[in-house]
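# I'd like to go over a predicted model; first the sequence, then the structure.
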2 protein chains.
Amino acid sequence: MAEGRRAQAIREARLLLAEEGAISMRRLADRLGIKAPSLYKHFPDKAGLEAALIAEGFTELAAALEGAGDGLPNLLAAYRRWALEHPHLYDLATRQALRRDLLPEGVEEAAGRPVVVAAGGDPDRARALWASAHGLIVLEQAERFPPDADLDAAWRALAQAFATTS
Amino acid sequence: MAEGRRAQAIREARLLLAEEGAISMRRLADRLGIKAPSLYKHFPDKAGLEAALIAEGFTELAAALEGAGDGLPNLLAAYRRWALEHPHLYDLATRQALRRDLLPEGVEEAAGRPVVVAAGGDPDRARALWASAHGLIVLEQAERFPPDADLDAAWRALAQAFATTS
DNA sequence: GTCTATACCCGGATAGAC
DNA sequence: GTCTATCCGGGTATAGAC
């Protein structure tokens, strides 16, 4: 076999999510040339499919953050870039309670580790830092800021706020 | 007349949003004892109805922030409290591009002013501060943090990061 | 592992009569 | 300003045949 249906479905689901902003089992089945009920032979339900995508996203994000240069501005820039390049996957992975029971061990932690390091190892500070970056991203993605807002400057202000304050 | 249909509809829409987490024109009409098409005599479309709710939310949030005590921790606490007490309205007002064309003049600015003041008048810093609080709120509301996360401590860490850094 | 058929649910909005 | 009738669309998931 060149590729299992499951792997093919995950690949197409990412394309579908990227192109249309949402996944439906019917639309995904159309792309695969099968009928929607057949998908349930490969995934128990939609959450199982989504978890596979989210796991991929965490792994890629972790690599992107590891590859960022030193310093908080570089880390924030890498985080922002990855999120804006994968807006709907980012949204899928953050807007709802994480189904940790469906995720491979360690993927969430791998994506979070660079942030904890940047926060000096303080988990509370790391969560504040992560949430701050997340807030800028979701507001930016939703075009929620006024049209004249200078978002690059806002990101710089965020980096400055968290620059070795403690 | 005791109360116009429009005002009644807005009131019921808020209850519907608070109780069920979403507004549908059909569900709203049911609550009012009318049929869904009749709502379109009072609002041009759903966005027009939502804008009325969002405007109310901004006004109430502005009052809550004005009433917060001095200091960044108090401001953040007031913001957090209002958002968590009105989670779905908060979400409605922040998760999508704001229809400023449907909003009364000044309501957005009124809600934002206390944040700008807290940021020392720097609009970029104010946006970073706002987004940071927003990020904590949406992640908290979505139950996206790990179960053992100490969110009060994260809020304290945020306040410290923005404590007169510049 | 695929299919057909189907179950159930939901949504926004318009036309035209009264 | 309300109604009925209707338009369009969407969705997750299961049963049972092949």
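Perfect, I can see it now. Residues are numbered from 1 along each chain as shown, chains lettered A, B, ... in the order given.
# residues from chain A in reach of chain B?
Counting by CB under 8 Å from any CB of the partner chain, chain A comes close to chain B at A:94-98, A:122-125, A:127-136, A:138-139, A:142-145, A:149-151, A:153-158, A:160-163, A:165-166. From N, CA and C alone the C-beta is placed, and that goes for glycine too.
# one more pass at 6 Å, please.
By CB under 6 Å from any CB of the partner chain, the part of chain A that sits against chain B consists of A:96-97, A:124-125, A:127-128, A:131-132, A:134-136, A:139, A:142-143, A:149-150, A:153-154, A:157-158, A:161-162, A:165.
# can you flag the buried ones in those?
Buried members of the residues of chain A next to chain B, counted by 16 or more other CB atoms under 10 Å in any protein chain shown: A:124-125, A:127-128, A:131-132, A:134-136, A:139, A:149, A:154, A:157-158, A:161-162.
# closest one of the residues you listed to residue A:10?
residue A:134 (24.7 Å; CB to CB).
# neighbouring contacts of stretch A:53-61?
By CB atoms under 6 Å, 6 or more residues apart in numbering or on different chains, the residues outside stretch A:53-61 that reach it are A:14, A:82, A:89, A:93, A:103, A:104, A:107, A:108, A:111.
# let's go with 8 Å and repeat that
Stretch A:53-61 has contacts (CB atoms under 8 Å, 6 or more residues apart in numbering or on different chains) with A:10, A:13-14, A:17, A:79, A:82, A:86, A:89-90, A:92-93, A:98-99, A:103-104, A:107-108, A:110-111.
# report the buried members of those residues.
By 16+ other CB under 10 Å, the contacts of stretch A:53-61 give A:10, A:13-14, A:17, A:79, A:82, A:86, A:89-90, A:92-93, A:98, A:107-108, A:110-111 as buried.
# in helices only, show me the residues you listed.
If you go by DSSP state H, those have A:10, A:13-14, A:17, A:79, A:82, A:89-90, A:92-93, A:107-108, A:110-111 in helices.
# could you save those as CSV and add columns showing pLDDT?
Shown next, in CSV, are these (pLDDT from 0 to 100):
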residue, pLDDT
A:10, 98
A:13, 98
A:14, 98
A:17, 98
A:79, 98
A:82, 98
A:89, 98
A:90, 98
A:92, 98
A:93, 98
A:107, 98
A:108, 98
A:110, 98
A:111, 98
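# now, which of these sits nearest residue B:118?
Ranked by distance to residue B:118 (CB to CB), these are led by residue A:79 at 24.8 Å.
# the closest one touches residue A:132, doesn't it?
No - assessed by CB atoms under 8 Å, residue A:79 is found out of contact with residue A:132, at 10.5 Å.
# about what we covered before: return the closest of the ones in helices among the buried ones among the contacts of stretch A:53-61 with respect to residue B:21.
Once CB to CB is applied, the member of those that ends up nearest residue B:21 is residue A:92, at 18.8 Å.
# is the closest one in contact with residue A:17, as I believe?
Yes - between residue A:92 and residue A:17 there is a contact at 6.8 Å, judged by CB under 8 Å.
# what is the neighbour count of residue A:100?
For residue A:100, the neighbour count with other CB atoms under 10 Å in any protein chain shown is 12.
# in space, what's closest to it - neighbours in sequence excluded?
Excluding the flanking residues, the one nearest residue A:100 by CB to CB, 6 or more residues apart in numbering or on different chains is residue A:108, at 6.8 Å.
# let me see the contact set for that neighbour.
A:58, A:98, A:100.
# state the distance from the last one to residue B:148.
In this structure, residue A:100 and residue B:148 are separated by 12 Å, where distance is defined by CB to CB, to the nearest Å.
# how about the first one?
In this view, residue A:58 and residue B:148 are 19 Å apart by CB to CB.
# again with the second one
Plainly put, residue A:98 is 14 Å away from residue B:148 if you go by CB to CB.
# mind checking if the host helix or strand of residue A:63 is in reach of DNA strand D?
Following DSSP states H and E, one finds residue A:63 within helix A:46-66. Yes - Helix A:46-66 reaches DNA strand D (CB under 7 Å from any atom of the strand) through A:46, A:47.
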